[in-house]
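okay, structure incoming, though there's no sequence with it:
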């Protein structure tokens with residue numbers, strides 16, 4: 001099944017680099033990307049350095065950093081997260097480019113809208129339950145439940161829910177855009193309101209009064225003396 005044609009103005013521009021492919025395969029891959037130019041969800045172009053994803057031959061992919069978005073090209077799928085068979089098939093390549101593109105685009109959106117939430121180890125939580133228009137699947141319901149009432153991270157959400165990382169990223173980005181997320185760093189550094197300061201001062205004063213009453217000079221001695229009298233009266 002192919003993606004409907006979308007116009008260039010509606011799509012985000014993303015880039016790919018090439019690693020370990022033969023000159024022939026590089027030329028072939030670029031040709032297929034051009035062929036799919038009006039079908040992919042993002043607009044892809046080649047960039048030799050600092051690209052959004054790396055398209056790598058299977059042998060070269062083993063040397064890629066774990067956090068690098070990589071599309072592996074090979075003959076037999078060996079468990080790679082994003083893989084496309086050689087020889088290329090347009091529909092299969094379109095599908096995997098859309099999967100990677102959605103993930104990268106969501107990460108970029110999240111990085112811009114909330115740097116504190118972007119890192120997979122950064123903690124965040126829901127401020128309130130999302131509206132129905134954001135809960136469009138059972139995956140979204142599961143993710144929202146895991147973010148309710150406690151701090152979590154992208155890595156933890158992905159692991160505990162079993163939902164693909166790109167879905168987690170997109171959902172978190174949508175929640176952030178709707179101002180439904182609080183980041184732990186934001187909560188830790190949030191300014192305390194004047195009412196909160198007043199409440200804090202009241203608590204401190206009340207605590208000081210209680211402590212003063214507890215250490216009133218002679219109080220313990222008088223209690224012990226009365227207990228001694230009561231003891232003497234019973235004997």
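Everything's here; your move. The shown structure was predicted, so the numbers you read here are calculated from the model rather than taken from an experiment. Numbering: from 1, shown residues only.

adjacent strands (with direction) for the longest strand belonging to the chain?
Taking DSSP state E as the criterion, the chain has its longest strand at strand 13-19. Strand pairing for strand 13-19, determined by DSSP bridges: strand 43-46 (parallel), strand 53-57 (parallel).

with mean neighbour count added, can I get those strands in TSV?
Where you see a C-beta, it was placed from the backbone N, CA and C, and this is true even at glycine. What follows is the strands paired with strand 13-19, written out as TSV (neighbours: other Cβ atoms under 10 Å):
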stretch	mean neighbour count
strand 43-46	18
strand 53-57	22
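
export these to TSV and tack on distance to residue 87 and mean pLDDT?
TSV is the format used below for the strands paired with strand 13-19 (distance: least, Cβ to Cβ, whole Å; pLDDT from 0 to 100):
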stretch	distance to residue 87	mean pLDDT
strand 43-46	19	96
strand 53-57	14	97
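
can I get those in CSV with distance to residue 128?
Shown next, in CSV, are these (distance: least, Cβ to Cβ, whole Å):
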stretch, distance to residue 128
strand 43-46, 36
strand 53-57, 35
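
wait, which of these is closest to residue 18?
strand 53-57 (5.3 Å; Cβ to Cβ).

tell me the helix or strand right after the closest one.
Under the assignment DSSP states H and E, the closest C-terminal helix or strand after strand 53-57 is helix 58-61.

mind listing what's buried in that following helix?
Neighbour counts over helix 58-61 (16 or more other Cβ atoms under 10 Å) mark 58, 60, 61 as buried.

and those residues, which is closest to residue 73?
residue 58 (7.2 Å).

what pLDDT does that closest one get?
Note for residue 58: predicted pLDDT of 95.

pull the contacting residues for it.
72, 73, 74, 75, 78, 80 (Cβ atoms under 8 Å, 6 or more residues apart in numbering).

swap in 10 Å and give it another go.
20, 72, 73, 74, 75, 76, 77, 78, 80, 83, 86 (Cβ atoms under 10 Å, 6 or more residues apart in numbering).

picking that back up, can you name the next helix or strand after the longest strand of the chain?
Scanning onward from strand 13-19 (DSSP H and E), the first element met is helix 23-35.

that next one vs strand 13-19, what angle?
If you take axes from the mean of the first three to the mean of the last three Cα atoms, to 10 degrees, helix 23-35 sits at 170 degrees to strand 13-19.

give me the domain ranges for the protein.
Annotated domains of the chain cover 8-111, 115-188 [automatic domain parsing].

can you give me the end-to-end span of stretch 41-55?
18 Å (Cα to Cα, to the nearest Å).

re earlier: go through the buried residues of helix 58-61 and say which is closest to residue 178.
Nearest member of the buried residues of helix 58-61 to residue 178, counting by Cβ to Cβ, is residue 61, at 36.5 Å.

contact partners for residue 15?
Contacts of residue 15 (Cβ under 10 Å, 6+ apart): 42-53, 104.

need the helix or strand of this structure with the lowest average pLDDT.
The weakest-scoring helix or strand in the chain, judged by mean pLDDT, DSSP states H and E, is helix 194-214 (a mean of 37).

what separates residue 71 from residue 146, distance-wise?
29 Å (Cβ to Cβ, to the nearest Å).

in terms of neighbours, single out the busier of the two.
Legend: neighbour count by other Cβ atoms under 10 Å for residue 71 and residue 146, higher for residue 71 (22 against 18).
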